[in-house]
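Undergrad: coordinates only, sequence not included:
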């Protein structure tokens, strides 16, 4: 994450991205180790470097003060025909949409069970447990800090979900994208709430720096959750095709 609340310059130096804030030494990030770049603040100088990152499939996301994606530079990601056909079916067929919703519900169920916060979990209680966790954090952090942390966590969850969707091959212009992005972001946001509730040492990530620190610490877990989500969707869609006689 690049905090550009103060004048910050981006440039490329061979195979590395150089980041320098006014009055500070440059930091070097090898391009081969980057999956995406997240920029907060508006005092960034270095659009050519950002464009080159996107050209090398390192997407650049610009977040505003509310942690919403206000702009993004997206590289070329090949579109996976199979995924886009499956999501076309979800748009037009109620039975296919039901398969999608079942896979999402299964992923949420697994997340809730693995958090070990709630003991025996029933499907009807998911929202209640989620609300209880949010209420507990609100009491611990305070209403204002919780509201700010909620915004920042959702912002970074949206970035991670967007990146995973593109890497999977879902077309950026697909009309089912908004639904998929919403559900994937909610899954990551729930994980963040459960994790913060379990660990009393986690300070509220209620600003760009705090959210960035939390994001870097949790990024691999989030990517693992999304990988499992897409594997579950692939399995359910494949089984649906078999049931419909579209696959041997």
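TA: Structure's in. What do you need? In this text the structure is predicted, and so the values were computed from the model without any measurement. Residues are numbered from 1 along each chain as shown.
Undergrad: can you list contacts of stretch 181-196?
TA: Stretch 181-196 is touched from outside by 104, 107-108, 111-112, 115, 117, 130, 133-134, 137, 149, 153-154, 157-158, 160-162, 164-165, 202, 204-205, 214, 218, 221-222, 225-226, 229, with contacts defined as Cβ atoms under 8 Å, 6 or more residues apart in numbering. Bear in mind the C-beta positions are built from the backbone N, C-alpha and C, glycine included.
Undergrad: check which helix or strand covers residue 10.
TA: strand 8-13 (DSSP states H and E).
Undergrad: partner strands of that strand, with direction?
TA: Strand pairing for strand 8-13, using DSSP bridges, gives strand 16-21 (antiparallel), strand 44-45 (parallel).
Undergrad: so what's residue 176 up against?
TA: With Cβ under 8 Å, 6+ apart, residue 176 has these contacts: 87, 88, 90, 91.
Undergrad: my bad, residue 48
TA: Contacts of residue 48 (Cβ under 8 Å, 6+ apart): none.
Undergrad: now residue 99
TA: Per Cβ under 8 Å, 6+ apart, neighbours of residue 99: 90, 236, 237, 239, 240.
Undergrad: element containing the nearest residue to the third one once chain neighbours are set aside, please.
TA: Counting by Cβ to Cβ, 6 or more residues apart in numbering, the nearest residue to residue 237 once its immediate chain neighbours are dropped is residue 86, at 4.6 Å. For residue 86, the host element (DSSP H and E) is helix 81-92.
Undergrad: what helices or strands is that helix leaning on?
TA: helix 94-115 (3 or more Cβ pairs under 8 Å, 6 or more residues apart in numbering; DSSP states H and E).
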